[in-house]
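Engineer: Need a 3D model of the following:
(chains A and B)
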There are 2 protein chains.
Amino acid sequence: MIKMSFFSREHTLHKSPPKQAVDANPAVSPRDHARARRVALVGFGTVGRAVAKILCERKDKDEDKDGDSLLRLTHICNRNFERKKQPWVPNTVIWTDDFRAVLNSDADIIIELIGGLTPAEELVRSALNAGKSVVTANKQLIARHGPDLLQLASANGCRLEFGASVAGGVPVLPALRTGLSGDRLHGIAGILNGTCNYILSRIETDRIPFSEALEEAQARGYAEADASEDLDGGDARAKLSILALAGLQLRVSPADIRARTIRAIEAFDFDYSAELGCTIRQISRADLKQTTLFADVGPSLVPASSPFGRVQKNLNLVLTSGEYGGDVAFLGAGAGGDPTAVAVVSDLMFIAESPLAGARPHRPLQLASPAISCDFETPWYLRFVVKDQPGIIARLAAILSAHQLNIDAILQKPGFEKSALPFVITLEPCRDAQLHPALQEMSALPFALKPCLCLPILR
Amino acid sequence: MIKMSFFSREHTLHKSPPKQAVDANPAVSPRDHARARRVALVGFGTVGRAVAKILCERKDKDEDKDGDSLLRLTHICNRNFERKKQPWVPNTVIWTDDFRAVLNSDADIIIELIGGLTPAEELVRSALNAGKSVVTANKQLIARHGPDLLQLASANGCRLEFGASVAGGVPVLPALRTGLSGDRLHGIAGILNGTCNYILSRIETDRIPFSEALEEAQARGYAEADASEDLDGGDARAKLSILALAGLQLRVSPADIRARTIRAIEAFDFDYSAELGCTIRQISRADLKQTTLFADVGPSLVPASSPFGRVQKNLNLVLTSGEYGGDVAFLGAGAGGDPTAVAVVSDLMFIAESPLAGARPHRPLQLASPAISCDFETPWYLRFVVKDQPGIIARLAAILSAHQLNIDAILQKPGFEKSALPFVITLEPCRDAQLHPALQEMSALPFALKPCLCLPILR
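Structural biologist: Numbering: from 1, shown residues only, chains lettered A, B, ... in the order given. Below you'll find the model as predicted:
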């Protein structure tokens, strides 16, 4: 039964597998009847296992009148595969630890799920050069080399699909490729990192310290031992650059997108944000204006009642803005073996429903390379932690005034120690570049116990 | 700039067309380079005009190195076309009122935007029989004849796409076709009719009478003079049957889906719903359990804080539930010329990126025909309007008890006239069929001024 409250804090993915005798099979779009696509899986971790499971479970449901399945798993390639073998994998599947065996096999499509750049990049290039289509969930690979690899696929008459590389089970990349391709998008924003969202929404809910929320996320398997990629925005900006590629047709190096860490967020920041009707989320956003892409990843204030403010736990939300279609939002499980595997298998089916590789020449991929800027104009939340003494506000106000920055509000909640007093100044909209020198001056003042935490306020 | 609060009551589509010199062109997926697809447009109303506009505006952006555009508008077919001509349509486009001229032309794809069954069905069949692919936004046509027309397209080696027929600019059908095809869906629910949602959310916001909200919707162009199709659920159940086709691979006649009207909803129903933490929306839902599809369209109580409860104005929300990927939600503009046109043009591009029609045989479409039931088990909201007198609750409670129905709560808010007193009884979960005889008995009681209003409470 569908739950209306799936959005809520109690949300868990309800795996409800009632045996569906009716659930026949293929998608509605017409399919190539010629023969099944042979699929080789490289990387048998959490996602790889889930992909294999779906392929094996759907096999019997997916046969046409001739007993032909649309997708046939032929190889599983992993180091120490003997330890990985599963009883539910049919005997017809070849287990190997040698990628060359896969490359030299008759597999039509190779699924790359080993992650990282080395040796994944090499493997994907050899597969494409061998005329085999590739499906990957590898965000770092696509973020850095996506445009080149797409070109390579095109030159070899085969396909590269990466629907699982952003937001796992949320079909935003497929929607950009098909349902929104008729629009002219100019903006994309999202909660793209489930780890950050888990941590921030946990601090929000119970006002626990950052370190406790991080430990909890690690204990639950939502964060790795070294969570830097998540916390400091590396993961999200890779995803944002993929969204810019797929949705805005832009070539954006993830390193060119500013990423701000969430490590400085404290429980009291949620108290102050609440005073402003807001909460804090890691927001990734890209806005195309003329030839400049304004892009930023990092903790931001968003209205508590907005879709962004209401995303709890490790869910993902992506919002696209188009000239014709306006705003469209996508919400769902951003990670996890099963949801990510759905994206991988959907890509496989998308390729399988297309003509055999090599059948036709392809239009060359045309991408623009915009200037990248983080100089958004926005109101700001400035949070100070000071050793309390007379004249602090006056000093800060003088610096802000000298930089032509207008104070919107000053918030100081009771109940904090005078020796480490947090308080907040909000500013009227100004550009990032205009604010930066003032921030440096203020953080250097003798009463400042920490650098000023500066968050954009998004309305 | 992306608005975080796009969900809110103030939401309006922000058409922000900054000239985007960077916004190059084609989508990321590789394309057929052979030649442009010739596109004929039949029906030049609001959506037709918006489609033509996008095609004409994107033409210059969409050329490859040989100056070839992916899509080329060749014909516009409409009655009295002389009155319809637009200065921005290039001279190369042929205007006609004769569909046979379009059918006999070299157009590859025909866009059907005349709506209704006659003569649209005939036109679409002739186009497919002539080997031309068809893109349509016609929900009644697809709901009633979608499976047959898909079969016909397949038999003729061409394509039928209908992404615009449900939820306009929200790419849920494309996502079902590509990004979610790897999952095994078992449930779909949605706010699929913008007119009903406009009316209900207006009553909710200002507690205006139903009739006033309807008049307002008509004045704003959100509702037609005869709004029966919207209010009584005919429109939404057609869309639900299309979602069942595309997402669950089921053949469901819209007439087999129970549709309940929203006409009986009064402002005080929102007061009572609020007591239960709920609001009221027209919800369309389909749940597949074994070989039975449980389906229902009509006003329902949903948690006020749920995504469904928070959808305002004429936005649409669709939620899919899958065995592997869990819940995914899609939110956006469900109607309007421009958003619907995005869906149409996206379908055109999806076809244009595929091989030329007729190039390959197709796998036959396999659909199941489930039993359809509206006998959901759910808690219920029963609202009575009575001429107050002693013993009413006792009479009602006796009837409910005789039918083995358990009362959860009795709500009676102050401030109403005793001569027409509305009050509410909520029931613990029971099946629709179990409740029905009790409802009939209760509505026939002499103090009942109106039939009991009975709404499911969805959590």
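
Engineer: For the helix or strand hosting A:Glu212, buried residues please.
Structural biologist: Element membership for A:Glu212 (DSSP states H and E) is helix A:210-219. Using 16 or more other CB atoms under 10 Å in any protein chain shown as the test for burial, helix A:210-219 gives A:Phe210, A:Ala213, A:Leu214, A:Glu216, A:Ala217, A:Gln218. (Glycine included, C-beta is placed from N, CA and C.)

Engineer: cool, and stretch A:409-418?
Structural biologist: A:Leu411.

Engineer: Give me the distance between it and the centre of its chain.
Structural biologist: On the basis of CA atoms, centre = their mean, to the nearest Å, stretch A:409-418 sits 35 Å off its chain's mean C-alpha point.

Engineer: what stretches of the stretch 351-459 of chain A score poorly on pLDDT?
Structural biologist: A:355-365 (pLDDT under 70).

Engineer: what about the strands in it?
Structural biologist: A:371-373, A:377-386, A:407-411, A:421-431, A:453-456 (DSSP state E, counting those that start in this stretch).

Engineer: Can you convert the ones you listed into TSV and add a column each for distance to chain B?
Structural biologist: Below are the strands of the stretch 351-459 of chain A laid out as TSV (distance: least, CB to the nearest CB, whole Å):
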stretch	distance to chain B
strand A:371-373	9
strand A:377-386	8
strand A:407-411	17
strand A:421-431	10
strand A:453-456	11
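
Engineer: Would you mind finding the most buried of these?
Structural biologist: strand A:453-456 (a mean of 22; mean count of other CB atoms under 10 Å in any protein chain shown).

Engineer: which residue packs closest to the closest residue to chain B within the stretch 301-450 of chain A, ignoring adjacent ones?
Structural biologist: The nearest approach of the stretch 301-450 of chain A to chain B comes at A:Val345, 2.9 Å away (CB to the nearest CB). Leaving aside its sequence neighbours, A:Val345 sits nearest to B:Gly182 (CB to CB, 6 or more residues apart in numbering or on different chains; 2.9 Å).

Engineer: what residues are up against that neighbour?
Structural biologist: Neighbour list for B:Gly182: A:Ile54, A:Ala341, A:Val342, A:Ala343, A:Val344, A:Val345, A:Ser346, A:Asp347, A:Leu348, A:Met349, B:Tyr324 [criterion: CB atoms under 8 Å, 6 or more residues apart in numbering or on different chains].

Engineer: again, but for A:Tyr324
Structural biologist: A:Gly182, A:Asp183, A:Arg184, B:Lys15, B:Ala50, B:Ile54, B:Gly169, B:Asp338, B:Pro339, B:Ala341, B:Val342.

Engineer: For PyMOL, write a command that selects the buried ones of those residues.
Structural biologist: Burial among the contacts of A:Tyr324 is assessed by 16+ other CB under 10 Å; the matching PyMOL selection reads:
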select buried, (chain A and resi 182+183+184) or (chain B and resi 50+54+169+338+339+341+342)
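
Engineer: among the contacts of A:Tyr324, which two are most distant?
Structural biologist: Maximum pairwise distance in these, criterion CB to CB, is 15.3 Å, between A:Gly182 and B:Lys15.

Engineer: Could you report the neighbour count for A:Gln404?
Structural biologist: 9 (other CB atoms under 10 Å in any protein chain shown).

Engineer: cool, and A:Ala167?
Structural biologist: Neighbours of A:Ala167 (other CB under 10 Å): 32.

Engineer: wait, isn't A:Ser284 in contact with A:Arg237?
Structural biologist: Yes. Using CB atoms under 8 Å, A:Ser284 is in contact with A:Arg237, at 6.8 Å.

Engineer: so what sits against both of the two?
Structural biologist: With CB under 8 Å, 6+ apart, A:Ser284 and A:Arg237 have common neighbours A:Val297.

Engineer: just to revisit the earlier point, any idea which of the contacts of B:Gly182 is the one closest to B:Gln290?
Structural biologist: B:Tyr324 (18.7 Å).

Engineer: Retrieve the pLDDT associated with the closest one.
Structural biologist: Note for B:Tyr324: predicted pLDDT of 96.

Engineer: and it, which of the three is it?
Structural biologist: Three-state assignment for B:Tyr324 (DSSP: H, G, I helix; E, B strand; the rest coil): coil.

Engineer: any idea how far it lies from A:Ala40?
Structural biologist: B:Tyr324 sits 21 Å away from A:Ala40, going by CB to CB, to the nearest Å.

Engineer: same question, A:Asn406
Structural biologist: 60 Å.

Engineer: between the two, which one's more packed in?
Structural biologist: A:Ala40 (26 against 12).

Engineer: Can you say which helix or strand has the more buried one in it?
Structural biologist: Using DSSP H and E, A:Ala40 falls in strand A:37-42.

Engineer: Could you chop chain A up by domain?
Structural biologist: A:37-161+A:340-352, A:174-334, A:377-456 (automatic domain parsing).

Engineer: Just name the most buried of these.
Structural biologist: Most buried among the domains of chain A, given mean count of other CB under 10 Å as the contact rule, is domain A:174-334, at a mean of 22.

Engineer: gap between the two ends of that domain?
Structural biologist: Domain A:174-334 has an end-to-end distance of 14 Å (criterion: CA to CA, to the nearest Å).

Engineer: what separates it from the chain centre, distance-wise?
Structural biologist: 8 Å.

Engineer: Kindly report the same for stretch A:71-88.
Structural biologist: Worked out by CA atoms, centre = their mean, stretch A:71-88 lies 28 Å from the chain centre.

Engineer: does chain B sit close to that stretch?
Structural biologist: No. Judged by CB under 8 Å from any CB of the partner chain, stretch A:71-88 stays clear of chain B, getting no closer than 9.4 Å.

Engineer: Quote the end-to-end distance of that stretch.
Structural biologist: 17 Å.

Engineer: on that earlier part again, which residues touch the helix holding A:Glu212?
Structural biologist: Contacts of helix A:210-219 (CB under 8 Å, 6+ apart): A:195, A:198-200, A:202-203, A:208, A:223-225, A:227, A:231, A:262-263, A:265-267.

Engineer: Report the mean confidence score over that helix.
Structural biologist: 96.

Engineer: circling back to that earlier point, which of the contacts of B:Gly182 scores worst on pLDDT?
Structural biologist: A:Met349 (93).

Engineer: Now do the contacts for that residue.
Structural biologist: A:Ala27, A:Leu70, A:Leu71, B:Thr178, B:Ser181, B:Gly182 are the contacts of A:Met349 under CB under 8 Å, 6+ apart.

Engineer: redo that, cut-off 7 Å
Structural biologist: A:Ala27, A:Leu70, A:Leu71, B:Ser181, B:Gly182 (CB atoms under 7 Å, 6 or more residues apart in numbering or on different chains).

Engineer: Then A:Ala175?
Structural biologist: Contacts of A:Ala175 by CB under 7 Å, 6+ apart are A:Phe330, B:Pro171, B:Pro174, B:Ala175, B:Gly179.

Engineer: Which residue, other than its chain neighbours, is closest to it?
Structural biologist: B:Pro171 is the one closest to A:Ala175 (CB to CB, 6+ apart), at 4.3 Å.

Engineer: thinking again about what came up before, next, format the buried residues of helix A:210-219 as TSV and append distance to A:Val135.
Structural biologist: As requested, these are exported to TSV (distance: CB to CB, whole Å):
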residue	distance to A:Val135
A:Phe210	37
A:Ala213	34
A:Leu214	33
A:Glu216	33
A:Ala217	29
A:Gln218	30
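
Engineer: These: which two are farthest apart?
Structural biologist: Counting by CB to CB, the most remote pair of those is A:Phe210 and A:Gln218, 12.6 Å apart.

Engineer: Now do A:Arg58, the pLDDT please.
Structural biologist: Predicted confidence (pLDDT) for A:Arg58: 79.
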